[in-house]
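Q: coordinates only, sequence not included:
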Ligand code: ZN
Ligand code: ZN
């Protein structure tokens with residue numbers, strides 16, 4: 001598997017700092033679990049963050065306080081890190097854990113044109129969903145009011161001149177209007193997260209949206 005479309009530094013940094021909404025966290029964690037390159041970039045950001053925390057601790061803790069803290073840590077039972085091996089499915093571990101299973105655990109809802117979605121339960125700041133797009137089908141043309149992350153889990157889609165395969169991530173923002181098309185051969189399954197408000201068709205709610213931030 002060759003991944004060509006990666007996470008941005010800003011997203012990796014925000015993830016390392018724990019500043020992303022839950023829905024984006026899920027997409028980032030799932031991509032990182034598939035992508036050696038982003039995992040090592042994330043490791044670098046984690047190291048920088050860890051060094052900063054250490055520095056702050058050294059300044060704020062006297063020696064006695066530090067010793068007391070360390071002895072408390074020593075007294076804690078060791079966390080077990082062994083995880084049962086799972087058979088390789090379509091969903092990488094972070095997503096499978098979230099859903100509580102692989103493809104068979106997903107409760108799809110039809111949204112027209114053969115496209116199905118399953119909204120995942122996340123915090124209110126952003127939403128995450130699985131999308132099932134039959135091979136050769138186009139997703140309706142749309143724009144974005146915020147950021148949209150789309151991670152391919154099965155099949156592939158084309159957008160403008162780029163091709164997105166399993167593991168690839170597309171980052172879309174307000175600048176982009178697009179019509180992704182699932183490529184022939186295999187139905188496409190994606191994990192998508194967006195922090196954009198809903199797009200209304202009628203004029204009045206659309207005018208009210210910026211005022212009420214809905
Ligand atoms: Zn990557
Ligand atoms: Zn989009």
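A: Happy to help now that I have it. Predicted, not measured: the structure shown is a model, and the values here were computed from it. Ligands and ions are numbered 1, 2, ... in the order given.
Q: from residue 24, how far out is residue 18?
A: Separation of residue 18 from residue 24 (Cβ to Cβ, to the nearest Å): 11 Å. Heads up, the C-betas are built off the backbone N, CA and C, glycines and all.
Q: quick one: which of those two has more around it?
A: residue 24 (22 against 8; other Cβ atoms under 10 Å).
Q: excluding its backbone neighbours, what's nearest that one?
A: Leaving aside its chain neighbours, residue 24 sits nearest to residue 193 (5.2 Å; criterion: Cβ to Cβ, 6 or more residues apart in numbering).
Q: name the SS class of that neighbour, please.
A: Three-state assignment for residue 193 (DSSP: H, G, I helix; E, B strand; the rest coil): strand.
Q: list the contacts for it?
A: By Cβ atoms under 8 Å, 6 or more residues apart in numbering, the contact set of residue 193 is 21, 23, 24, 26, 27, 122, 126, 127, 128, 129, 148, 149.
Q: of those residues, just say which sits nearest to ligand 2.
A: Among those, residue 148 lies closest to ligand 2 (Cβ to the ion), at 4.6 Å.
Q: residues near the closest one, how many?
A: Residue 148 is flanked by 22 other residues according to other Cβ under 10 Å.
Q: tell me which parts of this protein are close to ligand 1?
A: 6, 35, 37, 38 (Cβ under 5 Å from the ion).
Q: now those as TSV including neighbour count?
A: As requested, those are exported to TSV (neighbours: other Cβ atoms under 10 Å):
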residue	neighbour count
6	18
35	22
37	11
38	22
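Q: these in helices, which ones?
A: Counting by DSSP state H, the part of the residues of the chain next to ligand 1 found in helices is 37, 38.
Q: from residue 121, how far off is residue 142?
A: With Cβ to Cβ as the criterion, residue 142 and residue 121 are 23 Å apart.
Q: between those two, which one's more packed in?
A: residue 142 (14 against 10).
Q: so the more buried one makes contact with residue 178?
A: Yes: using Cβ atoms under 8 Å, residue 142 is in contact with residue 178, at 7.2 Å.
Q: buried ones in stretch 146-164?
A: For stretch 146-164, burial by neighbour count (16 or more other Cβ atoms under 10 Å) applies to 147-157, 159, 164.
Q: what's the answer for stretch 122-141, then?
A: 122, 126, 127, 128, 129, 130, 131, 132, 133, 135, 137, 139.
Q: show me the shaky parts of this structure.
A: Scanning the chain for pLDDT under 70 picks out the ranges 52-53, 55-66, 68-88, 197-214.
Q: what does this structure put close to ligand 2?
A: Those residues of the chain that sit near ligand 2, judged by Cβ under 5 Å from the ion, are 148, 172.
Q: which residue is nearest the middle of the chain?
A: Closest to where the C-alpha atoms of the chain average out (Cα atoms, centre = their mean) is residue 27, at 1.2 Å.
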